[in-house]
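Enquirer: quick check, what structure comes out for this input:
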Amino acid sequence: MKWLILLTALILNAVANILIKAGMSRPDTQGGLLETLKVKWLSLPVILGVIFFGLALGAYSITLKKMPLSVAYPIMTTGGLFIISAVSVLYFKETITPLQMIGLVLLVGGIWLVAK
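Expert: Here you go, the predicted structure:
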């Protein structure tokens, strides 16, 4: 059950980051900086992102009661990195360099070792 809660926290956290990126990537308004930030910060994706961060915090807090921080945190951050990297490439059309790809592969090995 602790792994399911950690996976839930991981997915909620990744989705929160993606939603906030989507909301902040919207075109700027014709107003000044404050108007632009107000329009973006009050957009549905950003508001949902903040809600998802709150839900992720709740699930992650439960996880930390059930497993060591030294195991949960690396899995949480690296798992989120994989999800966000995939969405960044597929949805936001960002690029991942070959060096970054090597880093992602090395992280898999590291997470496997930490989880053992």
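Enquirer: would you mark the buried spots in the helix or strand hosting Met101?
Expert: Element membership of Met101 [criterion: DSSP states H and E] is helix 98-115. Across helix 98-115, burial judged by 16 or more other CB atoms under 10 Å covers Leu107, Ile111. The C-beta positions use only the backbone N, C-alpha and C, and glycine is treated the same way.
Enquirer: other SSEs contacting it?
Expert: Secondary structure elements in contact with helix 98-115, counted by 3 or more CB pairs under 8 Å, 6 or more residues apart in numbering; DSSP states H and E, are helix 69-90.
Enquirer: show me the shaky parts of the chain.
Expert: Counting by pLDDT under 70, the chain contains low-confidence residues at 28-29.
Enquirer: helix or strand: which one has the residue most central in space within it?
Expert: Compute the mean C-alpha point of the chain, and by CA atoms, centre = their mean the closest residue is Ala14, 2.5 Å away. When elements are assigned from DSSP H and E, Ala14 belongs to helix 2-24.
Enquirer: which elements pack onto that helix?
Expert: If you count contacts as 3+ CB pairs under 8 Å, 6+ apart, helix 2-24 packs onto helix 33-41, helix 44-66, helix 69-90.
Enquirer: how about the residue nearest to the centre of the chain, nearest residue that isn't a chain neighbour?
Expert: Here the nearest residue to Ala14 in space, its sequence neighbours aside, is Ile83; by CB to CB, 6 or more residues apart in numbering that works out to 4.0 Å.
Enquirer: OK, contacts around that neighbour?
Expert: With contact set as CB atoms under 8 Å, 6 or more residues apart in numbering, Ile83 has these partners: Leu10, Ile11, Ala14.
Enquirer: cheers, nothing more for now.
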